[in-house]
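S.K.: with the input below, show me the fold.
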Amino acid sequence: LMGYSDPTSSRDLLGNRSLCFIFICAFGLVTLFQQILYGKNYIKRYLERSEGSLEFNSTSCKELRQEITDVKVLTMVKTSELFERWRNLQVCKWEQNKEETDNFKMSLSRCCNAPSFLFTTKRNTPSGTKLRYEVDTSGILHISPEIFKMFPDDMPYSKSQFKKCAVIGNGGIIKNSKCGREIDAADFVFRCNIPPISDMYSEDVGSKTDLVTVNPSIITERYTHTHTNVTNYYYKICSYCKYQCLGESHKNMCPQSGNPHERPV
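M.R.: Just a heads-up that it's a prediction; the model follows:
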């Protein structure tokens with residue numbers, strides 16, 4: 001028997017492909033137009049703060065807060081819907097819940113004792129100590145005299161309290177937000193993973209820094225293997241030299257003159 005092929009099958013396939021192509025193009029154009037029209041103001045629109053006209057304990061504000069607290073798992077709602085609920089809540093005035101604040105502080109002190117152990121210091125970790133890692137509990141670091149010399153003498157900020165704090169990561173989500181001035185207005189600015197604070201980005205992310213962290217993975221993945229990478233790391237650290245770094249050893253890398261172009265010896 002000779003094989004038989006339906007002459008219309010290729011046309012159907014071509015038609016399906018054409019429809020799929022048209023759909024993809026239309027979706028791409030709509031996305032592009034949205035980005036052009038709203039892209040620059042997208043983040044800022046959600047981050048804008050409002051003094052609000054509704055009292056904290058008004059019925060409307062209680063309902064708005066309930067809509068957010070009802071979300072027990074993030075997968076329950078779309079991210080856009082959660083942002084919309086949060087944005088709606090900005091019409092309400094803010095009021096501190098003193099009782100809940102104290103309960104939260106007490107819970108933290110019982111489990112973590114952050115005022116005493118947030119930093120590894122010469123006071124809480126003597127030379128010769130075997131320090132167990134917090135996440136990978138199987139890992140143990142022997143504190144040699146060389147390592148001990150890198151530790152700060154005692155806990156900074158142990159008795160400090162701040163009314164307004166800002167926590168800034170390095171994911172780039174506030175690019176083009178123009179939030180820099182508001183961030184710098186905070187009493188305490190905490191930055192994660194040495195994000196850039198050069199003049200190129202300061203309008204969006206600010207420059208004020210009270211504390212900056214860096215994960216070991218950031219160093220091993222981005223700033224090793226080549227002289228160029230090591231030099232880039234040096235300059236990145238130098239931009240933070242006047243601020244508190246997690247790891248006192250970083251201070252020794254900073255040029256005494258404060259010139260960011262001065263190379264280490």
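
S.K.: from what I see, residue 89 and residue 62 are in contact.
M.R.: No: the criterion here is CB atoms under 8 Å, and residue 89 misses it with residue 62 at 10.8 Å. The way it works is simple: take the backbone N, C-alpha and C, and place the C-beta from them, glycine included.

S.K.: how's the protein carved up into domains?
M.R.: The chain breaks down by automatic domain parsing into domains covering 50-95, 97-153, 162-265.

S.K.: starting at the chain centroid, how far to the longest one?
M.R.: Centroid separation between domain 162-265 and its chain, computed with CA atoms, centre = their mean, to the nearest Å, is 13 Å.

S.K.: so where's the stretch 1-150 of the chain shaky on pLDDT?
M.R.: 1-21, 23, 27-28, 30-52 (pLDDT under 70).

S.K.: so the spatially closest residue to residue 222 that is not a sequence neighbour: helix, strand or coil?
M.R.: Once flanking residues are discounted, residue 222 sits nearest to residue 229: 6.7 Å by CB to CB, 6 or more residues apart in numbering. Three-state assignment for residue 229 (DSSP: H, G, I helix; E, B strand; the rest coil): helix.

S.K.: and the pLDDT for residue 229?
M.R.: pLDDT recorded at residue 229 is 71.

S.K.: residue 79 versus that one, what's the distance?
M.R.: According to CB to CB, to the nearest Å, residue 229 and residue 79 sit 34 Å apart.

S.K.: which one of these two has more residues nearby?
M.R.: Between residue 229 and residue 79, residue 229 has the larger neighbour count (other CB atoms under 10 Å), namely 14 against 8.

S.K.: how deep is the closest residue to residue 92 other than its chain neighbours tucked in, by neighbour count?
M.R.: Closest residue to residue 92 apart from its sequence neighbours, by CB to CB, 6+ apart: residue 61 at 3.8 Å. Residue 61 has 19 neighbouring residues, counting by other CB under 10 Å.
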